[in-house]
Structure formats: C-alpha cells, structure tokens
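Asker: Predicted coordinates and the sequence they were generated for:
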Amino acid sequence: MSAARGQAPLQSPDAVLHRAAERLAHQFAGMVSEETVERVVYESYTALGRTARVSTHLASLAEKFARDRLTALAQSRGLIVKTVPEVLYVCVQNSGRSQMAAALTRHLAGDRVHVRSAGSQPGEGILPTVVEALAEIGIDVSEEFPKPLTDDVVRAADAVITMGCGDACPIYPGKRYLDWELTDPADLSLADVRVIRDDIRARIAVLLDELGATEGLAAGV
C-alpha cells in the first residue's frame, strides 16, 4: 500500500541505521574507522532489539547508544580526553538500581562526573516505581532506557559499581570496583523503592566525596 497523501513513506531500519552510521563516522573521523562505526551501530540495534517492547524508535535509540559506546571507545584509546571521572553503574536488568544510581549521580554532581549505566541482562524498560520514586524528587528519566553491558564502556570507566550482577562485569587493571548490596526493586512497593533510592543516594554522596566531585553539589535531594 502506498503512503498516505502528504505523508513521507516509512523508511526501512537498514536505511535509517546506514544514515546513523554515516553521521557517527563523520563525528568520530580520525578516531574510529568507518567499519567499526557501522559495526557498533548495527550491534547496538540488535542488542537493544532483543528486549525492546516496541521497535518504533529503536533505530534512534540505537544511534544514541552507539554514540555513547563510540565515545567510550575513543576515551579508552586516549583519543578523547576525560576531563571528569567516568562512573559506570551495572545491575542485572538496568531497569532499577543502576538507573536510579546514574540519575541520582547526574542530579547530585552535575557535570563534575560523567555517568553511564548498563545491565548484564537488560530488561524491557525502567520500572514504573523507579520512575515515580525519582520523579518525586524532581528527576526525570523518561528519556532513559535499559542498555546492555559492553566492553567499551567498562574500559572507559574509572569507577565501576556493580549491584547484584555477579561476575558479569569484566575486570581491568587500574579501575576502581565496588559492589553495592542493594535489594532488587522489581515487584517492590513504591515505599520500598523509596528506601532503596535513599540508600543509593547516601552511597553516592560518599563515592562523590572519594572522587573529589563534591564541591557545589546540588541541594534539595
């Protein structure tokens, strides 16, 4: 069936991903080869597609995910200078604990720390109770999504904080590794998720102090 009058025809995911790869190849020219860029874009699309509830915006999410992975790759190669500490939070599904930790760190530290999060077995989306618990303190995570753990983001991190994902995270020398024992918020009440949120917030305050990123911390959370 032809496209409705006045509407642009739907484009195939392959065409969208090809253009995404071209944009990213231009952005990372001289740092990452075009072949690597294309591979990362398509890998990202496939990885996100394994758990995505809907595919409508999957290609755009894949471009966003690929851009972050390529940035991490360039950082690990010393081609992009890291001006602030890189922190990576990892849990199983990247739908609860690690998302809360990443969001709270961004809110508390602002641009004094760069944060990533990932899951060893990423879920379909962020838990509604997590979204609500963060919204209560003025943090919007509507644009976030579960991401699979990849080697490039681990290599780029200065501190890796795991939360119940066991040995899924690769170990590299010269990095700081912490394991936070936190209850999985899946299937818990909002009240229980608030307790986990506040526990994570307290741990982050200590971490930021240790990283030297406490000056001028955001107030009110």
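Answerer: That came in fine, so what should we check first? Numbers count the residues shown, from 1 in each chain.

Asker: Per the annotation, how does the protein divide into domains?
Answerer: 12-81, 83-221 (automatic domain parsing).

Asker: As a markdown table, these with mean neighbour count and mean pLDDT would be great.
Answerer: (Each C-beta comes from the backbone N, C-alpha and C, glycine too.) As requested, the domains of the chain are exported to a markdown table (neighbours: other C-beta atoms under 10 Å; pLDDT from 0 to 100):
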| stretch | mean neighbour count | mean pLDDT |
| --- | --- | --- |
| domain 12-81 | 17 | 92 |
| domain 83-221 | 18 | 91 |
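
Asker: Where do the strands of this structure begin and end?
Answerer: 86-91, 114-119, 159-163, 176-179 (DSSP state E).

Asker: Dump the ones you listed into a markdown table; add distance to residue 105 as well.
Answerer: Shown next, in a markdown table, are those (distance: least, C-beta to C-beta, whole Å):
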| stretch | distance to residue 105 |
| --- | --- |
| strand 86-91 | 6 |
| strand 114-119 | 5 |
| strand 159-163 | 10 |
| strand 176-179 | 13 |
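
Asker: and residue 142, which of those is closest to it?
Answerer: strand 114-119 (15.3 Å; C-beta to C-beta).

Asker: Other residues contacting that closest one?
Answerer: 68, 72, 82, 84-95, 98-99, 101-102, 105-106, 109, 146-150, 153, 156-157, 165 (C-beta atoms under 8 Å, 6 or more residues apart in numbering).
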